[in-house]
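Enquirer: Build me a structure from this.
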Amino acid sequence: MLGSLLTFAWQAPKLDYHALAPLIIVAATLVVVIIVDAFTGEQSRWTASSIAGVGLLASLIPIATLANDGVSRSLFGGAFVVDPYSLLLSGLFVVSGYVVILISTNYIADGDYWEGEYYQLILASVLGMMVMTSARDLISIFVALELISIPAYMLAAWRKRDQRSNEAGMKYYLMGVFASAILLYGMSLIFGITGSTLLAEIGPKLGEAISSQPIITLGIVFVIIGFAFKVSAVPFHTWAPDTYEGAPTPITAFLAVASKAAGFVALLNVIFVGFYGRHDVFQPLMWVLAAITMTFGNLVALRQTNVVRMLAYSGIAQAGYILAPLAVAGVSLTSGGEALRAVVTYLLIYAAMNLGAFAVVIAVARKTRSGEISSFGGLFQYAPGLTVAMTIFLFALAGIPPAGGWFAKLEIFRALASAGTAPGYVLAVLVGLNSVIAFGYYGRLMRVMWMDPVPDGDRTPIRIPSSILASLVITVAITVVIGVLPSVLTHFTDPISLLSIGR
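Expert: Numbering: from 1, shown residues only. Now for the predicted structure:
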């Protein structure tokens, strides 16, 4: 018996613990938060947010050392890859999770929802996002997606005594389960055709397959539709506005930024590694999804009177911009590389400006107790700092210099133009027109903040908790620095190529 155990231990695969260190740290932090929550009283549960935040920041250390090493590492037979691309996006999710914890701290403590499970669920979801960045296998992608989604369903319905929150969680859950079923069915078709779940093996087999082409097309379309639900692309967006409005505002920020970005990362992995040889299938679908999503999102956002719903439809429109480069990604390897870098760049900038906007909304709502756009009237008169910060984020979302959003839009235009095709140029024109439309509702909110009178005449200054102030400093700094010095970001994104994600 002892000999058999020694033989198994000798033959067991050796794990690269350095490559897995960021995941191990976040998982260990999750375990510590669970233990602390189980063995401390209500008065000590404030430590959960501090432990969660420190754990996420600690995971940045091995991410930095791995990035400095610059060596791509493949684990579990190629199902898990750690490379500069995955490390950059892991850093995005870790920082996004940390900012969400900052804006959650006082929000949760001020209500009757103070429970350590809140931070456990956030950590579990962030862990799934980190796994997603390295997943190069259909099974690992699906497991990561469920690890992201299941905690998010519970977080959306966190305000248990609020009917709107319960409705938000239920809608998100039902639509998410439906999307997962479609995604899993598409993955089963792909596996049935290729006999493999590894994306690196699926790619060549799908590219060479001529027979069973309708089944291949159906499988690819189902997988893309499954992820289209996750990124709230039209017409698969119906859950987003109600869920965003009903969920606690920090969770709305989490869903609108980190969870959506994870869906895009999964989409990038399957398209550029597994489906790239079938660009005849995914490119037309991406073109239609991008055009409809950005146009619908912007037009409906014009009619919103609630700032959270406005940001929800703005997020839908932003999803359309992010999808646009994928519509020309298969024209050539050069355009594919440009499309990949454009999407990654946009996700990084989008996270900062959107999280910052939600942080301002949370800070203002502490005084107004309202999410209506009219409640922002005269904000500059009693909260000039918040007004300036929100203006920076709105400028960024609209793509106006010097806020960082202009560079994100420029990368989208560059990717579309690099293809040199009529569909690419037409989609670039649509992106430009929609950017003009978007300024209509971003500009309206700016006018209300700067020019309208205070609705109730109460000019009492807003007391901003230190955690929310820290989140605003982080997001404003990132948004402004990238807008003024884009080279800070391109230093990390320029090395990304099609080869860098395991093709």
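Enquirer: neighbours of Arg161, just the number please.
Expert: 9 (other Cβ atoms under 10 Å). For glycine as for every other residue, the C-beta is placed from the backbone atoms N, C-alpha and C.
Enquirer: From Thr105, how far off is it?
Expert: Distance, Arg161 to Thr105, using Cβ to Cβ, to the nearest Å: 21 Å.
Enquirer: Excluding sequence neighbours, find me the nearest residue to Val481.
Expert: Of all residues not flanking Val481 in the chain, Val488 sits nearest, at 5.8 Å (Cβ to Cβ, 6 or more residues apart in numbering).
Enquirer: so which strand or helix has the one you found?
Expert: Using DSSP states H and E, Val488 maps to helix 487-493.
Enquirer: ok, now Ala403?
Expert: Judged by DSSP H and E, Ala403 forms part of no helix or strand.
Enquirer: do the same with the one 3 residues further on
Expert: Secondary-structure assignment from DSSP H and E places Trp406 in helix 405-418.
Enquirer: buried set for that helix?
Expert: Under the neighbour-count criterion of 16 or more other Cβ atoms under 10 Å, helix 405-418 has 405-409, 411-416, 418 buried.
Enquirer: Quick one: residues contacting Asn298.
Expert: 313-314, 317, 434, 437-438, 441 (Cβ atoms under 8 Å, 6 or more residues apart in numbering).
Enquirer: and which of those residues is nearest Ala28?
Expert: Nearest to Ala28, judged by Cβ to Cβ, of these is Ser314 at 36.6 Å.
Enquirer: So what's the gap between stretch 15-33 and the chain middle?
Expert: 21 Å (Cα atoms, centre = their mean, to the nearest Å).
Enquirer: Now it - C-alpha only, PDB.
Expert: Extracted in PDB, the C-alpha atoms of stretch 15-33 (Å, rounded to 0.1, in the frame of the first residue of the first chain):
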ATOM      1  CA  LEU A  15       2.200  22.000 -10.300                       C
ATOM      2  CA  ASP A  16       3.700  25.400 -11.000                       C
ATOM      3  CA  TYR A  17       2.700  27.100  -7.800                       C
ATOM      4  CA  HIS A  18       4.200  30.400  -8.900                       C
ATOM      5  CA  ALA A  19       1.700  30.400 -11.800                       C
ATOM      6  CA  LEU A  20      -1.100  29.500  -9.500                       C
ATOM      7  CA  ALA A  21      -0.100  31.900  -6.700                       C
ATOM      8  CA  PRO A  22      -2.600  34.700  -7.500                       C
ATOM      9  CA  LEU A  23      -5.500  32.200  -7.500                       C
ATOM     10  CA  ILE A  24      -4.200  30.500  -4.300                       C
ATOM     11  CA  ILE A  25      -4.000  33.800  -2.500                       C
ATOM     12  CA  VAL A  26      -7.500  34.800  -3.400                       C
ATOM     13  CA  ALA A  27      -8.900  31.400  -2.500                       C
ATOM     14  CA  ALA A  28      -7.000  31.500   0.800                       C
ATOM     15  CA  THR A  29      -8.400  34.900   1.500                       C
ATOM     16  CA  LEU A  30     -11.900  33.600   0.800                       C
ATOM     17  CA  VAL A  31     -11.300  30.800   3.400                       C
ATOM     18  CA  VAL A  32     -10.100  33.300   6.000                       C
ATOM     19  CA  VAL A  33     -13.100  35.500   5.500                       C
END
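Enquirer: Could you pull out the buried residues of it?
Expert: 19-23, 25-27, 29-30, 32-33.
Enquirer: how about the residues you listed in JSON lines, adding pLDDT?
Expert: Supplementary listing: these in JSON lines, determined by pLDDT from 0 to 100:
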{"residue": "Ala19", "pLDDT": "86"}
{"residue": "Leu20", "pLDDT": "89"}
{"residue": "Ala21", "pLDDT": "91"}
{"residue": "Pro22", "pLDDT": "93"}
{"residue": "Leu23", "pLDDT": "94"}
{"residue": "Ile25", "pLDDT": "95"}
{"residue": "Val26", "pLDDT": "95"}
{"residue": "Ala27", "pLDDT": "95"}
{"residue": "Thr29", "pLDDT": "94"}
{"residue": "Leu30", "pLDDT": "93"}
{"residue": "Val32", "pLDDT": "91"}
{"residue": "Val33", "pLDDT": "89"}
